[in-house]
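Q: Sequence first, then the predicted structure:
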Amino acid sequence: MPLWFDFHAGGGDNQAVALARVDKLSQGKAKGNMRAIRLFEPGQPVKFQEIEVPHVGPKDVLVRVKAAGICHSDAHYRSGMTKSGPFPVTLGHEVAGVVEKIGSEVSSVHIEDRVCIHYLATCGQCHYCSQGFEQFCASVKMIGKFRDGGWADFIVMPERSVFLLPPEIPWEQGGILMCSSSTSLHALKKARLQGGETVAVFGIGGLGASAIQLAQALGAFRVYAVDIKPKKLELAERFGAIPVNAANNDPVREIRDLTHGRGVDVAVEVIGLPLTMRQAVQCLAPLGRAAIAGLSGGTFEIASYSELLGPETEIIGVSDHLAQEMPLLIEFARQGKLRLAEVITRIIPLDAGAINGTLDELDHYGDQVRTVVIP
Ligand SMILES: [Zn+2]
Ligand SMILES: [Zn+2]
């Protein structure tokens, strides 16, 4: 494993610290230290660094990471398209592992418990936290973005963000449950999906594959899956969705044809392109709801009367997910209603080169559905 010592401020103090660390590390991994893959500066590759195992406060849980997913958002943090920091920060927000240590006030989990981590660290007491909408907590910090995440040997998290992971769910699935699947569930909840309704999912990556299955678990009558990659459409079909290939056809027209002109009740957009956001709205039936969950800095236009006011459609923003949604999500996975094994297409070690390679692929919307780091 390469060691990395570029303290870029370059001042005398930093140099002294760097030399001291080289000395320490040359004797092998220093006691109380751990490996981490960190972002030092947006626009640069992530890098390996040996850092101290985090301190465990009275309400904290220290988790030994067993699996940490790589998400499209991570590529956005690395490129700088989405803000993160302060730097350096350890990335990785899809984390499952074993409880290594607990704070003096922690009671809901015990040492050696299998757990997965809701990626928001919150205060638990503010206006939004107390209403269960902790993603708007005044002091919210997402792991792997604004505080150290799971591409490391250990991660520390407030107790309320740590959930028991049943033994039926493998580590790597427990990890990706915590982002792609939970955001998909949040999108469907925000869209108020009812049993018997029809759903269109735009984008069959990690989120889309979960959205298809969760829509069915919540009672959707039929799910249409839109993508341009044949492999992803095949995957969607295996999950029971009706594939809609947008490579050569207009997916809006095709969904209208498949629904006898009516459109779908719920559309979920998880790609993050203005074009597909627009299509998600355009394929709605009257009273339909489009949940937009794909990250984009762009804008999209719709025809205000014919696509919004007239049919009384709704465009709903989806950001993150809620702790209160985790138990249902974990239970769907435990029961096999949410199958994630096929979604995980690659396992890699805790290695900066392998992780950067995966992020490069995500930058180019590669065929990989989901890569998971096993430290
Ligand atoms: Zn993610
Ligand atoms: Zn709060």
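A: Right, received. Where do you want to start? Treat the numbers as computed from the prediction; the structure is a model and nothing was measured. Residues are numbered from 1 along each chain as shown. Ligands and ions are numbered 1, 2, ... in the order given.
Q: And for residue 242, the neighbour number?
A: Residues contacting residue 242 under the criterion other Cβ atoms under 10 Å number 18. Every C-beta, even on glycine, is put in place using the N, C-alpha and C of the backbone.
Q: Kindly indicate whether the nearest residue to it once chain neighbours are set aside is helix, strand or coil.
A: The shortest distance from residue 242 to any residue that is not its chain neighbour, by Cβ to Cβ, 6 or more residues apart in numbering, is 5.0 Å, and that residue is residue 224. The three-state assignment at residue 224 reads strand, by DSSP: H, G, I helix; E, B strand; the rest coil.
Q: Could you shift the numbering so residue one becomes 36, and keep it that way?
A: Fine by me, first position is 36 from now on; the one you just mentioned is residue 259.
Q: so what's residue 259 bridging to?
A: Judged by DSSP bridges, the bridge partners of residue 259 are residue 235, residue 277.
Q: Quick check, pLDDT for it.
A: Predicted confidence (pLDDT) at residue 259: the value is 98.
Q: hang on, isn't it packed against residue 275?
A: No. Using Cβ atoms under 8 Å as the test, residue 259 is too far from residue 275 to be in contact (11.2 Å).
Q: More neighbours: which of those two?
A: A count of neighbours by other Cβ under 10 Å puts residue 259 above the other of residue 259 and residue 275, at 23 against 14.
Q: Could I get the contacting residues of the more buried one?
A: Taking Cβ atoms under 8 Å, 6 or more residues apart in numbering as the criterion, residue 259 is in contact with 233-236, 276-279, 290, 293, 299.
Q: how about a cut-off of 6 Å?
A: Each residue near residue 259 by Cβ atoms under 6 Å, 6 or more residues apart in numbering is listed here: 235, 277, 279, 290.
Q: Closest one of those residues to residue 338?
A: Each of these was scored against residue 338 by Cβ to Cβ, and residue 290 proved nearest at 17.0 Å.
Q: For ligand 2, what's its nearest residue on the stretch 286-410 of the chain.
A: residue 358 (11.4 Å; Cβ to the ion).
Q: And that residue, how far from residue 163?
A: 12 Å (Cβ to Cβ, to the nearest Å).
Q: And for residue 276?
A: Here the distance between residue 276 and residue 163 works out to 34 Å (Cβ to Cβ).
Q: One more: residue 348?
A: Residue 348 sits 27 Å away from residue 163, going by Cβ to Cβ.
Q: the more surrounded of those two?
A: residue 348 (21 against 15).
Q: and that one, what is it in contact with?
A: 319, 323.
Q: and with 10 Å instead?
A: For residue 348, the contacting residues are 298, 302, 316-317, 319-325, 337, 342, taking Cβ atoms under 10 Å, 6 or more residues apart in numbering as the criterion.
Q: Filter those residues down to the ones in strands?
A: 302, 319-325 (DSSP state E).
Q: related to what we said a few turns ago, quick one: pLDDT of the residue of the stretch 286-410 of the chain closest to ligand 2?
A: Turning to residue 358, the model gives it a pLDDT of 92.
Q: Not counting its neighbours along the chain, what's nearest it?
A: The spatial neighbour of residue 358 that comes closest, neighbours along the chain excluded (Cβ to Cβ, 6+ apart), is residue 153 at 5.0 Å.
Q: Just the pLDDT for whichever residue of the stretch 186-335 of the chain sits closest to ligand 1.
A: Proximity to ligand 1, evaluated over the stretch 186-335 of the chain using Cβ to the ion, is greatest for residue 214 at 3.2 Å. Taken from the predicted model, the pLDDT recorded for residue 214 is 88.
Q: cool, the one 4 residues further on as well?
A: The score at residue 218 is 93. That number is its pLDDT.
Q: can you count the residues close to it?
A: Under the neighbour criterion other Cβ under 10 Å, residue 218 is assigned a count of 27.
Q: so it sits in a helix?
A: Yes. Using three-state DSSP, the assignment for residue 218 is a helix.
Q: what's near enough to touch it?
A: For residue 218, the residues meeting the contact criterion (Cβ under 10 Å, 6+ apart) are 106, 108, 154, 241-242, 245-246, 303, 305, 326, 328-329, 353-356, 360.
Q: And the buried ones among those, selectable in PyMOL?
A: The following PyMOL selection, which keeps only the buried ones among those, applies the criterion 16 or more other Cβ atoms under 10 Å:
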select buried, resi 106+108+154+241+242+245+246+303+305+326+328+329+353+355+356+360
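Q: near ligand 1 too, which of the contacts of residue 218?
A: Near ligand 1, taking Cβ under 5 Å from the ion as the test, the members of those found are 106, 108.
Q: chain center to stretch 217-233: distance?
A: 17 Å (Cα atoms, centre = their mean, to the nearest Å).
Q: gap between the two ends of that stretch?
A: Stretch 217-233 stretches 20 Å from its first residue to its last (Cα to Cα, to the nearest Å).
Q: All set now, cheers.
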